[in-house]
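S.K.: give me a model of this one.
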Amino acid sequence: MDENLHDLPTQCGVGVKRNSKGFKESWRGYKLHLAVADGDIPVAMWLTSASLHDSQAAIPLVQKAAGVYPSPCHLMDAGHDAAPIRDYSRSIGSVPVSPSIHVVSARGTRPNSNPTAPNASGTAPAWSA
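M.R.: All right, here's what the predicted structure looks like:
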């Protein structure tokens, strides 16, 4: 785990890209990656170059967080939604939940739901990245 984290770039990042509307967006600085428990309590964090994509820090962050606070559920935004990340989450016994995971119910497909995940009332520990 430590090797994975230390392989991530930590220098001040600079970048430019065109957004979906064709306008240039630029950035300079750092990005703080956080894994938080219920109640937004940080359980793991890592500072990287601002140009690093969220998905590149996800598995090392999950490894670090799982060592501190094992969780049955990993709530992730779309930036973390990739097959290797979901597979890793499942390999350590957690259920990955992200905006693009769809569950088929009697009424059809419902985004953002997972029947095996703890409920939103906070009755089971979960952390999000």
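S.K.: going forward, measure contacts and count neighbours with C-alpha atoms only.
M.R.: Noted.
S.K.: what is the burial count for residue 33?
M.R.: For residue 33, the neighbour count with other Cα atoms under 10 Å is 16.
S.K.: OK, contacts around it?
M.R.: 45-48, 54, 57, 61, 129 (Cα atoms under 8 Å, 6 or more residues apart in numbering).
S.K.: just give me the closest of those to residue 37.
M.R.: residue 129 (9.3 Å; Cα to Cα).
S.K.: which two in the contacts of residue 33 are spaced the farthest apart?
M.R.: Those two in those that are separated most widely, counting by Cα to Cα, are 48 and 129, at 14.5 Å.
S.K.: so of the contacts of residue 33, which ones are in strands?
M.R.: With DSSP state E as the criterion, strands contain 45-48 from among the contacts of residue 33.
S.K.: what about the residues you listed, which one has the most neighbours?
M.R.: Most neighbours among these, by other Cα under 10 Å: residue 48, with 23 neighbours.
S.K.: could you check the pLDDT of that one?
M.R.: As summarised for this prediction, residue 48 has a pLDDT of 92.
S.K.: got the phi and psi for the residue nearest to residue 98 when sequence neighbours are not counted?
M.R.: Spatially, and ignoring its direct neighbours in sequence, residue 98 is nearest to residue 76 (4.9 Å; Cα to Cα, 6 or more residues apart in numbering). Torsion angles at residue 76 (phi, psi; degrees, to the nearest 10) stand at phi -130, psi 150.
S.K.: how many other residues sit next to residue 76?
M.R.: 20.
S.K.: distance check, it against residue 95.
M.R.: As defined by Cα to Cα, to the nearest Å, residue 76 lies at a distance of 11 Å from residue 95.
S.K.: one more: residue 12?
M.R.: 34 Å.
S.K.: so where is the chain shaky, pLDDT-wise?
M.R.: 1-3, 100-129 (pLDDT under 70).
S.K.: kindly list the longest helix within it.
M.R.: In the chain, ranked by residue count with DSSP state H as the criterion, the top helix is helix 54-68.
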